[in-house]
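Student: need coordinates for the below:
(one chain, ligands or ions: 1)
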Amino acid sequence: MTPEEFRRLGKQVVDWIADYYAGIEEHPVRSAVRPGEVREKLPARPPEHGEPFEAVLRDLDQVLLPGVTHWQHPGFFAYFPANASGPAVLGDLLSSGLGVQGMLWATSPACTELETLVVDWLVELLGLPERFRTDSTGGGVVQDSASSAALVALLAALQRASDGQVAESGITRRYTVYVSEHTHSSLQRAARMAGVGAANVRVVEDDPRTLAMDPAHLAELIAEDVAAGAVPTMVCATIGTTSTTAVDPVPEIGRVCRQHRVWLHVDAAYAGVAAVCPEFRWINDGVADHADSYCTNPHKWLLTNFDCSVLWMADRAPLINALSILPEYLRNPATLSGAVIDYRDWQVPLGRRFRSLKLWSVLRWYGASGLREHIRTTVGLAQEFAALVRDDPEFELLEPHPFSLVCFRPRFPGLPVEEANRRTLQLLETLNDSGELYLSHTKVDGRVLLRLAVGSPQTERRHVLAAWERIRREAIAAGQ
Ligand SMILES: *Cc1c(COP(=O)(O)O)cnc(C)c1O
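Tutor: Presented below is the predicted three-dimensional model:
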């Protein structure tokens, strides 16, 4: 493809995306294809001869689009948002165009230095501790996902708890990790991947009222494990659990960690970015005093399209000691001088994309005030929805709901739990089949709840009100 061909086709692609955003409401939110349907419509064998790019765009429209679930649709309320934005898409396109592989500072200095700058900017924007800044003892890094961030944090925690023994000789003792029932499943997986083992992931009880981790039970479990000869290694506290956005009491959990010298990882994948607003700074309580690592995903709720997850460390040394190996083919004067950061030492893969470019584009386009407005608008819409649910005697609402997620269900009076759960899930399918909106669900104390998360910058008040009308109408039908 010559630069001139690229120019012509590139403009078509940008037009395609602009038209897609402008007409997104015409698509059903959730794809209705059956398994295998997309693949069946495409040739089984790769082409022998090159085809014009227009043919790709035609198949995109005719074959792929029906198989796409529209995450940027204003009626997308499922899971957590993965919101995109114009500046993020453009920043990502530039990153693709440059095609940089930034494993070392030396393989593209700007890739490393811009990343260092934007993660330090975010420390300031989110009111995170100074220790997380790269010019202090710590530092941040852009990862592909919060799941990778959890694994990397655990490897650093094992490095510290074992004094380097794990990296050297493998797991030779019982290292334990502490989560709650509502901690994200990526922590369980991190424990498996790191060789800690699922059996050494201890599940701390929740306070049944708030669904947040009970620090007293955490202290009990740690004391028990120490007495049994285990090495308590890491506790994961969550700010905004995936299930219900519960907030674990970080100050109390942190005090327990400090007492036993256990690594505290704070997972704020979804909710952390809310701290861009002063009224949400409370979510960082205890982080400055206690967190050894902290993660939040701009790719969820901060207008930066997937993938972009930021992990910060209060002290970067254990991480680098755990992961740094310098083979001959990567040796270079900048690395040997010690004056630069090589982010390959801060992550699982060697290679890395120029992800900071899209985050930088977002931060510059919106500015802090634009980001605050996005958070406030989506929180406001979710709170308005919650008020409608609360005021309707046919529905119950899970409290509290401080962010942009609301959990609720129809009451189904007189029905046994199992039957009410079945009808709630059936209602969910009916709603999602409508193409007008897309919700997801969770289970709390054995009871199924619907989850409605507002996050798309396309979502307006009218979409939330229409969603509520549809939910009410279908719920009444389901109750009969
Ligand atoms: C979404 C979520 C994750 C996983 O995020 P990925 O970036 O997709 O790995 C982890 N923790 C919490 C609390 C989440 O909400």
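Student: measure residue 150 to the ligand for me?
Tutor: 7 Å (Cβ to the nearest ligand atom, to the nearest Å). C-beta coordinates here come from the backbone N, C-alpha and C atoms, glycine included.
Student: same deal with residue 243?
Tutor: 9 Å.
Student: give the burial count for that residue, as a bare number.
Tutor: Using other Cβ atoms under 10 Å, residue 243 has 20 other residues around it.
Student: same deal with residue 352?
Tutor: Residue 352 has 25 neighbours, counted by other Cβ under 10 Å.
Student: any low-confidence regions in this protein?
Tutor: 480 (pLDDT under 70).
Student: quick check: residues of it near the ligand?
Tutor: The chain has residues 80, 145-147, 184, 186, 238, 241-242, 267, 269-270, 297, 309 near the ligand, with proximity defined as Cβ under 6 Å from any ligand atom.
Student: most neighbours, which of those residues?
Tutor: Within the residues of the chain next to the ligand, most neighbours by other Cβ under 10 Å means residue 267, with 30 neighbours.
Student: go through stretch 326-344 and flag the buried ones.
Tutor: 334, 335, 340, 341, 342, 343, 344 (16 or more other Cβ atoms under 10 Å).
Student: now these in a markdown table, with secondary structure?
Tutor: Converted to a markdown table, these look like this (DSSP: H, G, I helix; E, B strand; the rest coil):
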| residue | secondary structure |
| --- | --- |
| 334 | helix |
| 335 | helix |
| 340 | coil |
| 341 | coil |
| 342 | coil |
| 343 | helix |
| 344 | helix |
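Student: out of those residues, who's nearest residue 166?
Tutor: Comparing the buried residues of stretch 326-344 against residue 166 with Cβ to Cβ places residue 344 closest, at 19.9 Å.
Student: list the contacts for the closest one?
Tutor: If you count contacts by Cβ atoms under 8 Å, 6 or more residues apart in numbering, residue 344 has them with 103, 104, 330, 350, 351, 352.
Student: these two touch, right, the second one and residue 331?
Tutor: No: with contacts counted by Cβ atoms under 8 Å, residue 104 stays clear of residue 331, the gap being 9.9 Å.
Student: all the helices of the stretch 1-150 of the chain, in order from the start?
Tutor: 3-22, 37-40, 53-59, 86-98, 109-125, 146-162 (DSSP state H, counting those that start in this stretch).
Student: contacts only, for the closest residue to the ligand within the stretch 301-450 of the chain.
Tutor: Closest residue of the stretch 301-450 of the chain to the ligand, Cβ to the nearest ligand atom: residue 309 (4.9 Å). Residue 309 sits next to 142-146, 148-149, 269, 295-299 when contact means Cβ under 8 Å, 6+ apart.
Student: quick check: buried residues in the longest helix along the chain?
Tutor: If you go by DSSP state H, the chain has its longest helix at helix 356-390. Neighbour-count burial for helix 356-390 flags 356-363, 365-366, 370-372, 374-379, 381-382, 385-386, 388-389 (criterion: 16+ other Cβ under 10 Å).
Student: again, but for stretch 272-282
Tutor: Using 16+ other Cβ under 10 Å as the burial criterion, the residues of stretch 272-282 that qualify are 272, 273, 274, 275, 276, 277, 280.
Student: that stretch: end-to-end distance?
Tutor: Stretch 272-282 has an end-to-end distance of 11 Å (Cα to Cα, to the nearest Å).
Student: now the strands for the protein?
Tutor: Per DSSP state E, the chain carries strands over the ranges 139-143, 175-180, 201-204, 231-238, 263-267, 293-296, 309-313, 395-397, 405-410, 440-444, 447-453.
Student: go through those strands and name the closest to residue 67.
Tutor: Nearest of the strands of the chain (Cβ to Cβ): strand 440-444, 19.3 Å.
Student: how far does the closest one sit from the chain's center?
Tutor: 18 Å (Cα atoms, centre = their mean, to the nearest Å).
Student: repeat that for stretch 65-82.
Tutor: Using Cα atoms, centre = their mean, the offset of stretch 65-82 from its chain centre is 15 Å.
Student: just the buried positions in that stretch, please.
Tutor: For stretch 65-82, by 16+ other Cβ under 10 Å, it's 69-82.
Student: the ligand: which of those is nearest?
Tutor: residue 80 (5.5 Å).
Student: contacting residues for residue 318?
Tutor: Going by Cβ under 8 Å, 6+ apart, the list of residues near residue 318 reads 156, 157, 159, 160.
Student: ok, of those residues, which come out buried?
Tutor: Applying 16+ other Cβ under 10 Å to those flags 156, 157, 159, 160 as buried.
Student: so can I have TSV of those residues showing distance to residue 246?
Tutor: Shown next, in TSV, are the buried ones among the contacts of residue 318 (distance: Cβ to Cβ, whole Å):
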residue	distance to residue 246
156	26
157	23
159	30
160	28
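Student: assess the claim that residue 352 and residue 342 are in contact.
Tutor: No: contact between residue 352 and residue 342 fails when scored by Cβ under 8 Å: they sit 10.2 Å apart.
Student: can I get the buried residues of stretch 326-344 in CSV with distance to residue 56?
Tutor: CSV is the format used below for those (distance: Cβ to Cβ, whole Å):
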residue, distance to residue 56
334, 40
335, 40
340, 40
341, 38
342, 37
343, 33
344, 33
